[in-house]
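Student: mind folding the following:
(chains A and B)
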Amino acid sequence: NAGVTQTPKFQVLKTGQSMTLQCAQDMNHNSMYWYRQDPGMGLRLIYYSASEGTTDKGEVPNGYNVSRLNKREFSLRLESAAPSQTSVYFCASSKMGTGGNTEAFFGQGTRLTVV
Amino acid sequence: QKEVEQDPGPLSVPEGAIVSLNCTYSNSAFQYFMWYRQYSRKGPELLMYTYSSGNKEDGRFTAQVDKSSKYISLFIRDSQPSDSATYLCAIRGGSYIPTFGRGTSLIVHP
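Tutor: Take a look at the predicted model:
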């Protein structure tokens, strides 16, 4: 059981380049999330998708776009990378709802460096 | 003020010590409380989950919630070097989206 799978694991970009981070989950979860994690800042929500076909902005959406391709896959795109986007990116998924057993499960992260 | 406050540490303890990790939160609407453990260069993994005041125990780990004080704790008994990691609290209210603390770095030395 793979859980949440992110690709690539590492990436170095030049300023202005674009790239897409891929995320797929096999837990049949409705909701998916993209976070970035920076030293001293904790996990900050970039975008989320409550269910297939919907996406919404989180705390730090500027410079990013997302696509919920289907129930399993949720991608994050950087159109024109900037050094400020150097970070570790985590994808997560959860069952939909606010009750029990709806906690989030995380992928292993993508370490992105923009030079 | 962030909705969830957590001391980043690092917290350094000898093997076998009892560890206390804490978070405070500001929104009384928060109802669900989670602790995640994150090893270096890995993704966060869910450690414990609770939605009521009081204690919840799982092996060497105890999660404690005090809603009246808006204070949550994670206790680790008989700490081991393998417990060395960053511990993140996460709290959720009516929305299904959790709010995370910044994480506390724990170092357990032999």
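Student: so which bits of chain A are right by chain B?
Tutor: A:4, A:31, A:33, A:40-43, A:45, A:48, A:50, A:58, A:90, A:94, A:96-98, A:100, A:102-109, A:111 (CB under 8 Å from any CB of the partner chain). Every residue, glycine included, has its C-beta placed from N, CA and C.
Student: run the chain-centre distance for stretch B:45-52.
Tutor: 9 Å (CA atoms, centre = their mean, to the nearest Å).
Student: B:Val19 is in contact with B:Leu11, isn't it?
Tutor: Yes: with contact defined as CB atoms under 8 Å, B:Val19 reaches B:Leu11; the gap is 7.0 Å.
Student: more neighbours: these two, which one.
Tutor: Between B:Val19 and B:Leu11, counted using other CB atoms under 10 Å in any protein chain shown, the more crowded position is B:Val19 (19 against 16).
Student: which pLDDT value belongs to that one?
Tutor: For B:Val19, the pLDDT comes out at 97.
Student: now it: how far from B:Leu106?
Tutor: 6 Å (CB to CB, to the nearest Å).
Student: what touches both of the two?
Tutor: B:Leu11, B:Val13, B:Ile76, B:Ser79, B:Asp83 (CB atoms under 8 Å, 6 or more residues apart in numbering or on different chains).
Student: in strands only, show me those.
Tutor: B:Leu11, B:Val13, B:Ile76 (DSSP state E).
Student: and after whatever helix or strand A:Thr5 lives in, which helix or strand comes next?
Tutor: Using DSSP states H and E, A:Thr5 falls within strand A:4-7. Under the assignment DSSP H and E, the closest C-terminal helix or strand after strand A:4-7 is strand A:10-13.
Student: elements contacting the following helix or strand past that following strand?
Tutor: Later in the chain than strand A:10-13, the nearest helix or strand by DSSP H and E is strand A:19-25. Contacts defined by 3 or more CB pairs under 8 Å, 6 or more residues apart in numbering or on different chains; DSSP states H and E place strand A:19-25 against strand A:4-7, strand A:10-13, strand A:31-38, strand A:74-78, strand A:87-94, strand A:110-114.
Student: what about 6 Å?
Tutor: With contacts taken as 3 or more CB pairs under 6 Å, 6 or more residues apart in numbering or on different chains; DSSP states H and E, strand A:19-25 sits against strand A:4-7, strand A:74-78, strand A:87-94.
Student: which one, of those, ends up nearest to B:Pro44?
Tutor: Proximity to B:Pro44 (CB to CB) singles out strand A:87-94 among those, at 7.3 Å.
Student: helices and strands around that closest one, which ones?
Tutor: Short answer (3+ CB pairs under 6 Å, 6+ apart): strand A:87-94 packs on strand A:4-7, strand A:19-25, strand A:31-38, strand A:105-106.
Student: now that strand: buried residues?
Tutor: A:Ser87, A:Val88, A:Tyr89, A:Phe90, A:Cys91, A:Ala92, A:Ser93, A:Ser94 (16 or more other CB atoms under 10 Å in any protein chain shown).
Student: between the ones in strands among the shared contacts of B:Val19 and B:Leu106, which is closest to chain A?
Tutor: Of all these, chain A sits closest to B:Leu11, with 15.6 Å by CB to the nearest CB.
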